[in-house]
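J.: kindly return the folded structure for what I paste below:
(one chain, ligands or ions: 1)
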Amino acid sequence: METMLAVEGLGKSFKDKKIVSNISFEVKKGEIMALLGPNGAGKSTTIRNIMGIMYPDEGTITFRNGTTKDIPRNKIGYLPEERGLYKNVKVMDILLYLAELKDYPLDRAKQRALEYLEKFGLEGKDKVSVEELSKGMGQKIQFIASIIHEPELLILDEPFSGLDPVSQELFKDEIRSLAKNGTAILLSSHQMNLVEEMADRLFLIHRGSKVISGSLSDVKKEYANFKCTIHGSNSLVLLESLPEVERVEQSDDTAVLYLSKNVDPAFWLKNLPGEMDIQELSIDRISLHEIFIDIATDKNLLKEAGEVHA
Ligand SMILES: Nc1ncnc2c1ncn2[C@@H]1O[C@H](COP(=O)(O)OP(=O)(O)OP(=O)(O)O)[C@@H](O)[C@H]1O
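T.: Predicted coordinates:
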């Protein structure tokens, strides 16, 4: 699979303070790669280096199977974290202007703009000026602007922030469909549930350095321990005394038991004591959201984190 973007050993400091260090990852054609990390981890700095808004102190950034260090401006789409469009310009005019900057044919851009406006529930807004749009509508226009020219590599910095759940679904479907049609997508987002539904691979940074990378399923297999949710009246003492239980969260008649690493859930279930009150029981792996919180709050994951191989 063609590698559209390769970041190798990226390092960047501001005033002697190292902000990102030894960051290396690739984004391949047709995949969604999630760049994750807590606030201030260095995601936007990484993206700004890729986009040539600032320059790396260390490392290299190459495009299209390493054939060029020059940003393929006409084939790259970018939705920056900072939103903003010219306020008193009509929606269609701004979309066509941005398409023209990318040397994209204007008749085709106009057709795509109208199609996307309809898809995003903004029919008829082409003649409205940007200042008359709501924040969410403006964000949809900015998203359309980032893809109007059919980019091969699309970089989305927090695309879902400020969107209502319906609009989030629309964006999610569109991003997935772009990847299916071959676009390489680098996605930075704090919405872990959406990342979990969408990403093929992820790269998680904390304080400017890699903590975890790999395919979503391998990362979950490696770091997402099992948790067991039990509805029933059981004392906290009993629950905490069960084997392989690291932590219990209990409220009313519901308890969530966080199990230790490498527990075989079928074996564990068989060994539950007969006196337990079990009205309902489910067992799942913890979510990406919970893995993220463990990392962001420096829980035990950091000690063992690293690359997860398929
Ligand atoms: N131009 C700058 N000058 C000095 N420090 C900067 C500059 N830009 C970013 N930083 C610092 O670099 C660190 C990483 O910032 P960055 O915006 O890359 O984080 P982020 O992971 O995108 O965070 P968030 O999730 O909050 O958007 C922060 O400590 C920030 O204060």
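J.: hmm, who's touching the strand or helix carrying Leu114?
T.: Following DSSP states H and E, the helix or strand that holds Leu114 is helix 106-119. Contact with helix 106-119 is made by 91-92, 95-96, 99-100, 123-126, 144, 147-150, 170, 174, as judged by Cβ atoms under 8 Å, 6 or more residues apart in numbering. In short, each C-beta sits where N, CA and C put it, glycine included.
J.: where do the helices of the protein begin and end?
T.: 43-50, 91-101, 106-119, 135-147, 165-180, 192-198, 216-223, 236-241, 265-270, 288-296, 301-304 (DSSP state H).
J.: winner for burial among those helices?
T.: helix 43-50 (a mean of 22; mean count of other Cβ atoms under 10 Å).
J.: packing partners of that helix?
T.: strand 3-14, strand 17-28, strand 32-36, strand 153-157, strand 184-188 (3 or more Cβ pairs under 8 Å, 6 or more residues apart in numbering; DSSP states H and E).
J.: repeat the analysis, applying 6 Å as the threshold.
T.: strand 17-28 (3 or more Cβ pairs under 6 Å, 6 or more residues apart in numbering; DSSP states H and E).
J.: report the inter-axis angle for the strand it packs on versus strand 184-188.
T.: 150 degrees (axes from the mean of the first three to the mean of the last three Cα atoms, to 10 degrees).
J.: kindly state the beta-bridge partners for the nearest residue to Ala224 once chain neighbours are set aside.
T.: Leaving aside its sequence neighbours, Ala224 sits nearest to Arg285 (Cβ to Cβ, 6 or more residues apart in numbering; 3.9 Å). Legend: beta-bridge partners of Arg285 under DSSP bridges are Phe226.
J.: ok, and which of the contacts of helix 106-119 reach the ligand?
T.: Applying Cβ under 6 Å from any ligand atom, the subset of the contacts of helix 106-119 adjacent to the ligand is empty.
J.: ok so, going back, which of the helices of the chain has the lowest average pLDDT?
T.: Confidence, taken as mean pLDDT, is least for helix 301-304 of those (a mean of 49).
J.: and the residue of the stretch 151-300 of the chain found nearest the ligand, its phi and psi?
T.: Closest approach between the stretch 151-300 of the chain and the ligand, counting by Cβ to the nearest ligand atom: His190, at 6.5 Å. Per-residue torsions, His190: phi -100, psi -10 (degrees, to the nearest 10).
J.: name the nearest residue to it, ignoring sequence neighbours.
T.: Glu158 (7.0 Å).
J.: so the one you found sits against Glu81, correct?
T.: Yes - in this structure Glu158 lies within contact range of Glu81 using Cβ atoms under 6 Å: 5.1 Å.
J.: between these two, who's got more neighbours?
T.: Glu158 (19 against 14; other Cβ atoms under 10 Å).
J.: look up how far Ile291 lies from that one.
T.: 19 Å (Cβ to Cβ, to the nearest Å).
J.: how about Pro105?
T.: The gap separating Pro105 from Ile291 is 44 Å, by Cβ to Cβ.
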